[in-house]
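In: got a structure for you, letters missing:
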Ligand SMILES: O=P(O)(O)O[C@H]1O[C@H](CO)[C@@H](O)[C@H]1O
Ligand SMILES: [Mn+2]
Ligand SMILES: [Mn+2]
């Protein structure tokens with residue numbers, strides 16, 4: 001029996017357009033493939049050894065004859081390409097109705113009510129890139145004390161404020177107010193606090209970001225594991241994505257390396273169940289910023305630490321490296337891209353060189369986790385447990 005599953009999310013590391021990418025405006029997107037092309041090839045020897053290059057052509061990542069892991073890729077059933085929906089599907093939920101977005105900004109009634117309740121006016125109220133809008137409105141924000149409200153192609157209500165102008169706890173309270181307002185017909189997936197520091201022309205965002213999500217729309221494999229008395233450890237923004245549901249212990253991280261440190265920490269402890277890690281830098285620092293070179297460096301930095309992670313695993317642990325959506329930094333715009341997610345699986349109990357093929361849903365991962373841990377499933381997804389276990 002498997003004691004622990006590490007579900008390791010490389011946020012936004014997609015592996016090519018999905019058949020329905022056209023409907024999302026994402027034809028030709030391929031996060032891994034296009035970064036590799038644009039930067040002269042990726043150097044990911046550890047993921048290569050596990051089988052990453054056997055999934056698809058990625059310049060620099062070879063298809064090898066004897067990968068030590070199992071590998072494949074998965075399609076997204078849910079109608080979206082955001083973090084929330086992606087993670088929910090990974091743990092067994094299908095969300096067919098897209099979450100609400102605001103391409104024209106938020107309705108006047110909402111903004112009026114929000115301003116009344118926070119006791120300040122606001123700036124912005126439009127879709128924007130978070131780093132661009134603080135450069136555009138940050139100075140005015142510092143002069144007036146009005147927070148910057150913005151959205152994106154995702155279902156998000158984001159509030160940016162300078163840490164010296166609006167203290168963090170006040171910013172977090174504003175987010176809670178927004179969370180109360182953005183329910184019912186305006187049930188946006190997330191309210192996000194976006195604190196920053198610095199001076200006009202040189203602002204930088206801090207790791208004090210917080211996400212206020214909706215409760216998942218149904219029971220996930222995390223809830224089931226928790227009910228069965230297993231540990232469900234959320235590392236990085238996992239707790240936020242699930243609004244705490246199904247999580248028994250959570251730790252927030254400051255960057256990808258911290259996320260890896262924490263994963264290793266928890267692997268070295270005595271626990272049983274699911275260790276669920278999200279590395280968000282790929283997405284937030286490089287994907288949305290359309291920085292393929294930065295993205296490549298972050299991938300290589302992670303890859304170099306994979307041996308340490310694998311060495312911390314015990315004989316009855318299994319790790320699944322995967323993603324939640326794409327965010328091709330060579331693509332137009334600044335938003336996520338509708339892509340396959342790569343799946344690379346390793347463990348002493350896992351058969352080497354097994355191709356699990358093209359999975360029809362991210363929820364195949366949820367179903368497999370249920371089977372591996374011998375707990376109930378959410379009913380969605382098809383298990384690949386029999387294919388991968390020795
Ligand atoms: O441009 P920034 O502020 O990084 O925002 C991005 O991050 C949000 C949440 O991941 C996405 O919706 C996108 O808008
Ligand atoms: Mn994401
Ligand atoms: Mn994102």
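Out: Nice, thanks for sending it over. As the structure is a computational prediction, the values presented were derived from the model and not from experiment. Ligands and ions are numbered 1, 2, ... in the order given.

In: what is the worst-scoring helix or strand of the chain on mean pLDDT packed up against?
Out: Every helix and strand of the chain was ranked by mean pLDDT, DSSP states H and E. The lowest is strand 210-213, at a mean of 93. Helices and strands touching strand 210-213, as assessed by 3 or more C-beta pairs under 8 Å, 6 or more residues apart in numbering; DSSP states H and E, comprise helix 168-181, strand 190-197, helix 238-241. C-beta: built from backbone N, CA, C; applies to glycine.

In: what is the neighbour count of the residue of the stretch 251-390 of the chain found nearest ligand 1?
Out: The stretch 251-390 of the chain approaches ligand 1 most closely through residue 288 (4.5 Å), counting by C-beta to the nearest ligand atom. Residues near residue 288, counting by other C-beta atoms under 10 Å, number 20.

In: quick check: closest non-adjacent residue to it.
Out: With sequence-adjacent residues excluded and distances taken as C-beta to C-beta, 6 or more residues apart in numbering, residue 288 is closest to residue 334, at 5.1 Å.

In: so what's the closest residue to ligand 1 within the chain up against?
Out: The minimum distance from the chain to ligand 1, using C-beta to the nearest ligand atom, falls at residue 130 (1.9 Å). Contact partners of residue 130, counting by C-beta atoms under 8 Å, 6 or more residues apart in numbering, are 150, 158, 160, 194, 205, 288.

In: also residue 4?
Out: Per C-beta under 8 Å, 6+ apart, neighbours of residue 4: 267, 271-275, 314, 316-318.

In: and the strands in the stretch 51-200 of the chain, which stretches?
Out: 70-74, 123-127, 148-151, 156-162, 190-197 (DSSP state E, counting those that start in this stretch).

In: what's the distance between residue 275 and residue 161?
Out: Per C-beta to C-beta, to the nearest Å, residue 275 is found 33 Å from residue 161.

In: again, but for residue 80
Out: 27 Å.

In: can you check residue 175 too?
Out: Counting by C-beta to C-beta - residue 175 and residue 161 are separated by 10 Å.

In: residue ranges for the helices of the stretch 201-350 of the chain, please.
Out: With DSSP state H, counting those that start in this stretch as the criterion, the stretch 201-350 of the chain has helices at 221-227, 238-241, 256-267, 281, 292-304, 306-312.

In: for the last one, what does the pLDDT average out to?
Out: Across helix 306-312, the average pLDDT comes to 98.

In: repeat that for the shortest one.
Out: Averaging the model's pLDDT scores along helix 281 yields 98.

In: how about residues contacting it?
Out: 11, 255-256, 298.

In: can you sort out which of these also neighbour ligand 1?
Out: When C-beta under 6 Å from any ligand atom is applied, no member of those is adjacent to ligand 1.

In: these: which two are farthest apart?
Out: 11 and 255 (12.0 Å; C-beta to C-beta).

In: and the gap between the residue of the chain most remote from its centre and ligand 2?
Out: Ranked by distance from the centre of the chain (C-alpha atoms, centre = their mean), the top residue is residue 143, with 34.3 Å. With the distance defined as C-beta to the ion, to the nearest Å, residue 143 ends up 34 Å from ligand 2.

In: all the strands of the stretch 251-390 of the chain, residue numbers only.
Out: Using DSSP E, counting those that start in this stretch, strands in the stretch 251-390 of the chain cover 273-279, 317-322, 341-347, 354-359.

In: report the angle between the first one and strand 317-322.
Out: If you take axes from the mean of the first three to the mean of the last three C-alpha atoms, to 10 degrees, strand 273-279 sits at 30 degrees to strand 317-322.

In: cool, the last one as well?
Out: Interaxial angle of strand 354-359 relative to strand 317-322 (the same axes, to 10 degrees): 40 degrees.

In: run the chain-centre distance for strand 354-359.
Out: With C-alpha atoms, centre = their mean, to the nearest Å as the basis, strand 354-359 stands 22 Å off its chain's centre.

In: just checking, what packs against it?
Out: Using 3+ C-beta pairs under 8 Å, 6+ apart: strand 354-359 touches strand 70-74, strand 341-347, helix 385-388.

In: how about 7 Å then?
Out: If contacts are counted by 3 or more C-beta pairs under 7 Å, 6 or more residues apart in numbering; DSSP states H and E, strand 354-359 sits against strand 70-74, helix 385-388.

In: I appreciate the help and will end here.
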